[in-house]
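Student: Below are the sequence and a predicted model; questions follow.
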Amino acid sequence: MDWGALHTILGGVNKHSTSIGKIWLTVLFIFRIMILVVAAERVWGDEQHDFICNTLQPGCRNVCYDHFFPISHIRLWALQLIFVSTPALLVAMHVAYRRHEKKRQFRKGDQKCEYKDIEEIRRQRFHIDGSLWWTYTGSIFFRLIFEAVFMYAFYFMYDGFRMPRLMKCSAWPCPNTVDCFVSRPTEKTVFTIFMIAVSSICILLNVAELCYLLAKFFLKRSKKAGNQKHHPNHENKEETKQNEMNELISDSCQNTVIGFTS
Amino acid sequence: MSWGFLRDLLSGVNKYSTGIGRIWVAIVFLFRLLVYIAAAENIWKYEHDEFECNTQQPGCENVCFDHFFPVSHIRLWALQLIVVSAPSLLVIFHVAYREKREKHHQQRLYRRPEEREGGLLCTYLISLLLKTGFEIVFLVLFYKLYNGFQVPRLVKCDISPCPNTVDCYISKPTEKMIFLYFLVATSCLCIALNLSELSYLIFKHSLKRYLKRNIKKHK
């Protein structure tokens, strides 16, 4: 059991996503989860073991490490990935609910149901409209918020995105100020910048998807409003035609009556 | 044999659950199992190696570690995940039993074997009660064993063979505490979900019975 289970869950949502959503998912799996598992975990693997302080005082190293790294980069990224993937579950649940309703209708033998069998319902791809649009847009919004919160937490906790080589520590039981050296600082900086860059790309993709969905929504509404505007004119034309016909009929009647009487 | 088995078990249960039950499964998957495997396991990996005491006395570190961590946080966490997911097996067994009965009698005994009616509803409610009970038991165990979810930086140890009182330092205490609180929060969320699912099912069932009785009366 590993990130593969997450891949299975999110893969299901992929079918019903927009194209930008599919790109986002690919970026998430290849450039974030895979990099995390294959590379980043190895780089941070020996972090406390190779965190060396210039002292023989027992306990000083533990305390200094805990002071400078309240929560390790690698754990923060793992949490970020889990939280950012969670809103997609909302969409998956909504799709599953719609599918369940369609199956219920099909079983009841509803005339309105246009499916031939249950397999078709299972394989069907739902369009993002109606209440699903709101769920989908809400999930993108939450994704954005989680990404932003984690990026900020990262920046706040580690004073930027650089990993220093040397940290000066004076927490008890260290005697005076002690020099502590971080293992592989350059490699860690490189990976940190890479993960931040990919996070930013994901944020941009989410913003683009949000704008696309909103633009599509407003375009649809304006088209509908436009159709309605044309419709009253069309109705007026019909009415005037009917009025003219009625006038013609009444005129001809009158003429006949007048002709009859004269 | 690994956590994949638990994942398959939970996927199997998903089919027979209510909406709230599915949310519970999703939370256990993502926020408990995945966080455990992807993050928490590595924090506690070298806990014994990195547990350092201010003494050269052989055996002192071992004895002090054993005194302060009778059962490691991470092992309790794993046990909790397994024990809390286990009651779902009752539901799966009951559905399998129903399907076997139908096969044996070679006729339709139930409208659908997985429909939550009669005996299966009882089994489902019992499984919910057991899940909630186990969650509470483990939370209380965590609280009692570790003095309220705290992970101190320093512990003072004076057990033989340590000479006098010795300072011992725990590795990564802040990170461990953050993840412990995360575990507690998700546990409480799961308890709340189980209780709301329980009330929902009881309410729905009572309403059904009340309506049936009313219809009979009018007839």
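Tutor: Sure, I can see it.

Student: Any stretches of chain B with poor pLDDT?
Tutor: When residues are selected by pLDDT under 70, those of chain B lie in B:1-2, B:112-114.

Student: Do I have it right that B:Val151 meets B:Tyr181?
Tutor: No. Counting by CB atoms under 8 Å, B:Tyr181 is not a contact partner of B:Val151; they are 10.1 Å apart. C-beta coordinates here come from the backbone N, C-alpha and C atoms, glycine included.

Student: between these two, who's got more neighbours?
Tutor: Regarding B:Val151 and B:Tyr181, a neighbour count based on other CB atoms under 10 Å in any protein chain shown identifies B:Val151 as having more, with 20 against 11.

Student: contacting residues for that one?
Tutor: Taking CB atoms under 8 Å, 6 or more residues apart in numbering or on different chains as the contact definition, B:Val151 lies against B:73, B:170, B:173-174, B:176-177, B:180.

Student: A:His7 too?
Tutor: Contact criterion CB under 8 Å, 6+ apart gives A:29, A:33 as the residues in contact with A:His7.

Student: same thing with A:Ile74?
Tutor: A:36, A:40-41, A:44, B:39, B:42.

Student: Check what pLDDT it gets.
Tutor: What the model reports as pLDDT for A:Ile74 is 91.

Student: so where does it fall, helix or strand?
Tutor: Counting by DSSP states H and E, the secondary-structure element that holds A:Ile74 is helix A:73-85.

Student: What about the nearest residue to A:Gln48 once chain neighbours are set aside, how many residues nearby?
Tutor: Distances taken as CB to CB, 6 or more residues apart in numbering or on different chains put A:Tyr65 closest to A:Gln48, at 5.3 Å, once the chain neighbours are dropped. The criterion is other CB under 10 Å. On that basis, A:Tyr65 has 23 neighbouring residues.

Student: A:Ser222 too?
Tutor: A:Ser222 has 10 neighbouring residues, counting by other CB under 10 Å.

Student: what is the mean pLDDT for the helix or strand that contains it?
Tutor: For A:Ser222, the enclosing helix or strand under DSSP H and E is helix A:185-261. Throughout helix A:185-261, pLDDT has a mean value of 73.

Student: how far does the host helix or strand of B:Leu9 sit from the chain's center?
Tutor: In this structure, B:Leu9 is located in helix B:3-14 according to DSSP H and E. Using CA atoms, centre = their mean, to the nearest Å, we find the averaged C-alpha position of helix B:3-14 to lie 14 Å away from the chain's own average C-alpha position.

Student: What of stretch B:109-119?
Tutor: Relative to the mean C-alpha coordinate of its chain, stretch B:109-119 is positioned 28 Å out (CA atoms, centre = their mean).

Student: which outside residues touch it?
Tutor: Identification of contacts with stretch B:109-119 by CB under 8 Å, 6+ apart yields B:15-16, B:18, B:94-95, B:98-99, B:101-102, B:120, B:124, B:201.

Student: Switch the residues you listed over to CSV; also include neighbour count.
Tutor: Conversion of these to CSV gives the following (neighbours: other CB atoms under 10 Å in any protein chain shown):
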residue, neighbour count
B:Lys15, 11
B:Tyr16, 19
B:Thr18, 15
B:His94, 21
B:Val95, 22
B:Arg98, 19
B:Glu99, 14
B:Arg101, 13
B:Glu102, 14
B:Leu120, 20
B:Tyr124, 24
B:Leu201, 18
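
Student: okay, those in TSV with distance to chain A and secondary structure next?
Tutor: As requested, the contacts of stretch B:109-119 are exported to TSV (distance: CB to the nearest CB, whole Å; DSSP: H, G, I helix; E, B strand; the rest coil):
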residue	distance to chain A	secondary structure
B:Lys15	11	coil
B:Tyr16	13	coil
B:Thr18	11	coil
B:His94	22	helix
B:Val95	18	helix
B:Arg98	19	helix
B:Glu99	18	helix
B:Arg101	23	helix
B:Glu102	18	helix
B:Leu120	18	helix
B:Tyr124	18	helix
B:Leu201	17	helix
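
Student: Can you report how many residues lie near B:Arg209?
Tutor: Residues lying near B:Arg209 (other CB under 10 Å) number 10.

Student: Between helix A:73-85 and the one helix or strand it maps to, find me the angle.
Tutor: For B:Arg209, the host element (DSSP H and E) is helix B:173-218. Between the axis of helix B:173-218 and that of helix A:73-85 there is an angle of 20 degrees, by axes from the mean of the first three to the mean of the last three CA atoms, to 10 degrees.

Student: List the buried residues in stretch B:190-209.
Tutor: Counting neighbours by 16 or more other CB atoms under 10 Å in any protein chain shown, one finds that the buried residues in stretch B:190-209 are B:190-191, B:193-194, B:197-198, B:201.

Student: Which of the three states applies to the residue in the stretch 101-250 of chain A positioned nearest to chain B?
Tutor: Minimum separation of the stretch 101-250 of chain A from chain B (CB to the nearest CB) falls at A:Pro173, amounting to 6.7 Å. Under DSSP: H, G, I helix; E, B strand; the rest coil, A:Pro173 falls in the coil class.

Student: excluding its backbone neighbours, what's nearest it?
Tutor: A:Gly59 (5.1 Å).

Student: Now do the same contact list for the one you found.
Tutor: Counting by CB under 8 Å, 6+ apart, A:Gly59 touches A:173, B:52-54, B:154, B:167-169.

Student: and with 7 Å instead?
Tutor: Under the criterion of CB atoms under 7 Å, 6 or more residues apart in numbering or on different chains, the neighbours of A:Gly59 are A:173, B:52, B:54, B:167, B:169.

Student: By neighbours, which of these wins?
Tutor: Each of those was scored by neighbours using other CB under 10 Å; the highest score is B:Tyr169's, at 22 neighbours.
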